[in-house]
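> any chance you could fold what I've pasted below:
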Amino acid sequence: MLEELRRLRLLPPLMGGYSVVVDASHNDVLADLEPESRLAVIVTGSIDDLEWDCVEGQLPSFFGVRPRDPEAKRALTLGLLEKAEEAGARIVVLPELCLDGESVDAVEQWYRERRRSCSVLVCGSVHVDGKDGRRNVCSTFLAGGGRVEHWKYNPVEMRLKADSSTVYREGIRAAPRRITLHLSGDWSFTTLICKDLLEPETVRVLTALQVRMVLVPALSRKTGLFRDKAVALCGDAQAIVLVANQWGTADADPEPAAAILARPLEARPYELRSFPEKGSGLEVFTLAGDSTGFT
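Prediction:
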């Protein structure tokens with residue numbers, strides 16, 4: 001076990017409020033990752049393609065975010081996964097809340113049908129109402145049959161109606177604030193969901209742990225803050241940060257991004273990619289090189 005921890009720092013006591021789990025049960029998943037290995041972001045549409053349930057009142061909230069046409073999204077996602085497979089992507093990330101639960105199951109079935117080039121498939125996230133309360137859950141499928149989960153701990157607040165100034169809070173349980181570090185050879189990686197990355201303390205914890213890769217499904221009209229946090233982790237922890245984002249048209253940044261990749265030791269501190277206006281596609285990067293382009 002000590003050998004597995006050679007790339008990991010201990011968490012200082014000043015980082016209170018977080019539960020940190022170290023997982024060494026998938027050590028071979030990324031052990032053979034090389035500079036030429038490919039990473040991919042899949043985006044199947046924008047915020048405008050989603051629907052949700054709202055609770056009005058003194059504390060407005062929303063939950064149950066899902067595609068308006070789940071069958072069409074499922075078919076599109078599986079088709080883009082096939083393209084990622086053809087491109088030889090080792091790591092694939094989908095955006096937050098881009099699929100419903102049935103579609104997540106379909107993606108896992110596709111992934112398990114045969115051995116895939118992809119070793120880590122971050123299947124966005126889905127709203128789940130279960131025994132632990134309402135959660136926003138990210139499921140990640142791993143080569144060899146593994147499946148790990150991350151629970152979002154920083155709910156988003158946003159305007160959902162173009163003709164209203166009402167701000168709705170995501171109606172999920174936020175505790176515990178848990179970060180899981182998965183160790184694999186010389187690599188360590190973790191998954192977060194959207195605003196989890198924006199908490200200053202999250203960046204401090206991951207920097208203290210010297211995590212090597214951070215994979216983030218997101219759902220945001222504004223991407224500047226995500227870029228800034230990705231660059232901070234890239235510089236302070238020497239981490240690779242990959243964000244897959246569903247963005248919308250209202251109140252968007254001048255240059256909204258569906259894919260954000262920050263890598264250390266580059267001529268530029270980060271690389272920012274935007275998808276065409278059609279709102280869906282596949283962006284493939286190499287670990288240490290340039291993007292291979294949008295398809």
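> and Leu33, how far is that from Glu170?
Distance from Leu33 to Glu170, counting by C-beta to C-beta, to the nearest Å: 33 Å. The C-beta positions use only the backbone N, C-alpha and C, and glycine is treated the same way.
> and if you look at His182?
To Glu170, His182 is 25 Å away according to C-beta to C-beta.
> what ranges do the strands span in the stretch 101-250 of the chain?
120-122, 126-130, 133-142, 147-151, 157-159, 167-170, 178-184, 187-191, 213-219, 240-246 (DSSP state E, counting those that start in this stretch).
> need those strands in CSV with mean pLDDT, can you?
What follows is these, written out as CSV (pLDDT from 0 to 100):
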stretch, mean pLDDT
strand 120-122, 98
strand 126-130, 96
strand 133-142, 97
strand 147-151, 97
strand 157-159, 88
strand 167-170, 95
strand 178-184, 95
strand 187-191, 96
strand 213-219, 97
strand 240-246, 92
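> packing partners for the top helix by length along the chain?
Identified as the longest helix of the chain according to DSSP state H is helix 70-86. Applying 3 or more C-beta pairs under 8 Å, 6 or more residues apart in numbering; DSSP states H and E, one finds that helix 70-86 contacts strand 38-44, helix 101-112, strand 280-286.
> beta partners for the closest residue to Glu36 other than its chain neighbours?
Nearest non-adjacent residue to Glu36, counting by C-beta to C-beta, 6 or more residues apart in numbering: Thr286, 5.8 Å away. For Thr286, the beta-bridge partners are Arg38 (DSSP bridges).
> how much space separates Thr286 from Phe226?
Relative to Phe226, and taking C-beta to C-beta, Thr286 is found at 21 Å.
> which one's more surrounded, the two?
Taking other C-beta atoms under 10 Å, Thr286 and Phe226 do not tie; Phe226 has more neighbours (23 against 15).
> ok, now which ones touch that one?
Counting by C-beta atoms under 8 Å, 6 or more residues apart in numbering, Phe226 touches 197-198, 216, 218, 220, 243, 245, 257, 260.
> now do 7 Å
With contact set as C-beta atoms under 7 Å, 6 or more residues apart in numbering, Phe226 has these partners: 197, 218, 220, 243, 260.
> now list the buried members of those residues.
For those, a burial check counting by 16 or more other C-beta atoms under 10 Å picks out 197, 218, 220, 243, 260.
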